[in-house]
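K.L.:
Let's see this in three dimensions:
(chains A and B)
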Amino acid sequence: MNRTTRTTRPALYRKPVPIFWWLHRRAYLVFVLRELSSVFIAWFVVFLLLMVGAVADGGDAYERFQDWSANGWVTGLNAIALLFVLLHTVTWFGLAPRAMVVRLRGRRVRPRSIVGLHYVLWALLTAAVTWLVLSG
Amino acid sequence: MARKSPEPLLWLLFSAGGMAAALLVPVLLFLFGIAFPLGWLSFPDHAHLLSVLRHPVTKIVLFGLCVLCLFHWAHRFRYTLYDGLQLKRLSRLINVFCYGGAVLGSVAAGWVLFGV
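P.N.:
Residues are numbered from 1 along each chain as shown, chains lettered A, B, ... in the order given. Prediction:
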């Protein structure tokens, strides 16, 4: 390519965005933290499968899993993961009324009711899972 | 015929994953990741957990949860890399990594869960 064509061809000007643009405002930071929650959700899948695999391998493997999961770094990581997952849950439920507009008998269901129903469902499922796991 | 874009399907998997994760991950992570290891509650015994995990409904629910969570991760992480780190020019590599990872993870999840 010769120099003249390069300089004469018009290029779109795009204002460069700094890599850490999201540190400048609280809302942006929360946005990025919420995006990062997905990494901890993926970690949860790994952790769950390790647990299930250990249970499938028998009592000894399950005990080794118990010891491993009690390591400081594993519990620490899980505690951080839980905080991120809770951020995900709360923001997800908060956005639900904007994602779904429900109408009943021609009237729009109030956003607050939709959010409330999500929390009720969450509570019910949490209770059901806890009961199932602990009922043995 | 216009080429169909996979985007609507990916968005659907993303939102289904977001909902599944929001509803089920906190309790499971709290119990198995924190409450049992720290001794706040005692670990369920092996026979009980095995019988719960061997129930077909448990397998299907956990498999669905794993697959949806992984695709949720893939979608969000893809945009984190695109926007957060300004890596849109590497989009092909990122897509392969994210969605390929979700597919491999789903296969692994099926392998583990249906092998119990």
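K.L.:
What residue in chain A comes nearest to chain B?
P.N.:
Closest contact between chain A and chain B, by CB to the nearest CB, is at residue A:136 (2.7 Å). Any C-beta I mention is one placed from the backbone N, CA and C, and that applies to glycine too.
K.L.:
Nearest spatial neighbour of that residue, chain-adjacent residues omitted?
P.N.:
residue B:48 (2.7 Å; CB to CB, 6 or more residues apart in numbering or on different chains).
K.L.:
Let's verify the one you found: helix, strand, or coil?
P.N.:
helix (DSSP: H, G, I helix; E, B strand; the rest coil).
K.L.:
Tell me how many other residues surround it.
P.N.:
When neighbours are counted by other CB atoms under 10 Å in any protein chain shown, residue B:48 registers 15.
K.L.:
same question, residue B:67
P.N.:
22.
K.L.:
Let me see the contact set for it.
P.N.:
Residues in contact with residue B:67 (CB atoms under 8 Å, 6 or more residues apart in numbering or on different chains) are B:102, B:106, B:109.
K.L.:
redo that, cut-off 10 Å
P.N.:
Contacts here follow CB atoms under 10 Å, 6 or more residues apart in numbering or on different chains; on that basis residue B:67 touches A:45, B:13, B:16-17, B:20, B:102-103, B:105-107, B:109-110.
K.L.:
Return the set of buried residues in the helix or strand hosting it.
P.N.:
Element membership for residue B:67 (DSSP states H and E) is helix B:56-79. Going by neighbour count (16 or more other CB atoms under 10 Å in any protein chain shown), the buried part of helix B:56-79 is B:58-59, B:62-63, B:65-78.
K.L.:
next SSE after that helix?
P.N.:
Downstream of helix B:56-79, the first helix or strand assigned by DSSP H and E is helix B:91-114.
K.L.:
does the closest residue to residue A:77 other than its chain neighbours sit in a helix, a strand or a coil?
P.N.:
Spatial nearest neighbour of residue A:77, chain neighbours left out: residue A:43 (7.2 Å); criterion: CB to CB, 6+ apart. Of the three states, residue A:43 takes helix according to three-state DSSP.
K.L.:
residues in contact with residue A:43?
P.N.:
Contacts of residue A:43 (CB under 10 Å, 6+ apart): A:77-78, A:80-81, A:84-85, B:29, B:33, B:69, B:73.
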